[in-house]
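K.L.:
Fold the stuff below for me.
(2 chains)
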Amino acid sequence: MDLNLQKTKQDFPGQVHETPGGGIVLSKLDDVINWARSNSLWPLTFATSCCGIEMMAVASAKYDFSRFGFEVARATPRQADVIIIAGTIVNKMGPVLKRLYDQMADPKYVIAMGACAISGGPFFYNTYSVVKGADHIIPVDVYIAGCPPRPEALLHALISLQDKIKRGLTREQIKSGKD
Amino acid sequence: MLNEDLKAKITELFPGSTIDEGNDPAAAGWVNVNVEANNWLPVATQLRSDLSLQFDYLFCLTCIDWKTHLTMVYHLSSTKFRHNIVVKAKLDRTIPEIETVCHIWRTANFHEREVYEMFGVNFLNHPDLRLLILPDGWEGKNPMRKDFEDPVNMIRL
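P.N.:
Sure, this is the predicted structure:
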């Protein structure tokens, strides 16, 4: 029986060089590592306000970010790869966020979700307590606009992060490449 | 007790107080009583202990800055009779002082601490008047006052 296998877009970074009795994979080790890492990113359960509700929606059945490899949400930063800053960061929360980020093992990635995490959002003017953008505290790889963003927007951000990791363009990767 | 009966009872018990007639639609259904700030403690004691009132539940304690003066607002409820009342007391904005009620309603303890740090109201005879949420060094700076400006974080429009 002839199977007509459709050629799909190649996700794996490299080619299989056919040889008698098997094959040889031709690729760059960095690319393979980035490919492997990007497909299993464990998010930290960290949410400071209403964006957290949207993040929970994305985690649950209707949107389900486990389709893209984000299903293992960790309650400890030591086991997490990505922190999604879902909500307002106030001055008192700043040191906590910094500590969580420092406790995460390398390589680690940051997504700033929603207006508050990007710039302070609705609390930009005339506030005594809100940090005007989480990137004043920790470096951010992907920003998502919205107040709060749609679940689809968070999915898009997660896929964008995967894409960034595959290309080796996250802040973490650029920094370690320079060393 | 119905609101009409409450109003009658309040006017009978506290002749010095005034009752707001609800012009404000947001206040519809609430009995608003204005009392003198230095008269608040005896009024509160009686509201709590009067057998036909028994306001045993203070469910909201806050303050309003009107720029010209401050207003303390107390929302009281009775778990026995299921009636509610709002008591307001006008305070001087330069020396805001009012008697504490935290020995009548224990929950007032931390509510008054919050009003103290946010509005700078001094609660007389409060057992533990210090900052609640704000970090050290915020004493005397009252962020919920209308004229408050933070030299670092404020961005003017």
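K.L.:
can I get the CA coordinates of stretch B:2-13 in CSV?
P.N.:
What follows is stretch B:2-13, C-alpha atoms only, in CSV (Å, rounded to 0.1, in the frame of the first residue of the first chain):
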residue,chain,number,x,y,z
LEU,B,2,-37.4,49.8,58.9
ASN,B,3,-35.5,52.9,57.8
GLU,B,4,-38.4,55.2,58.8
ASP,B,5,-38.4,53.7,62.3
LEU,B,6,-34.6,53.9,62.5
LYS,B,7,-34.7,57.6,61.6
ALA,B,8,-37.3,58.3,64.3
LYS,B,9,-35.3,56.3,66.9
ILE,B,10,-32.1,58.1,66.0
THR,B,11,-33.7,61.6,66.2
GLU,B,12,-35.1,60.6,69.6
LEU,B,13,-31.8,59.3,70.9
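K.L.:
Least confident secondary structure element in chain B?
P.N.:
When the helices and strands of chain B are scored by mean pLDDT, DSSP states H and E, strand B:18-20 comes last with a mean of 82.
K.L.:
and chain A, which residues reach chain B?
P.N.:
A:91-92, A:124-130, A:132 (Cβ under 8 Å from any Cβ of the partner chain). Heads up, the C-betas are built off the backbone N, CA and C, glycines and all.
K.L.:
Am I right that B:Thr62 is in a strand?
P.N.:
Yes. Counting by DSSP: H, G, I helix; E, B strand; the rest coil, B:Thr62 is found in a strand.
K.L.:
How about it: what's its closest non-neighbour residue?
P.N.:
Distances taken as Cβ to Cβ, 6 or more residues apart in numbering or on different chains place B:Val73 nearest to B:Thr62, at 5.2 Å, with adjacent residues excluded.
K.L.:
same thing with A:Met55?
P.N.:
A:Ala86 (4.6 Å).
K.L.:
Who are the contact partners of whichever residue of chain A sits closest to chain B?
P.N.:
The minimum distance from chain A to chain B, using Cβ to the nearest Cβ, falls at A:Tyr128 (4.3 Å). With contacts defined as Cβ atoms under 8 Å, 6 or more residues apart in numbering or on different chains, A:Tyr128 is in contact with B:143, B:148, B:150, B:153-154.
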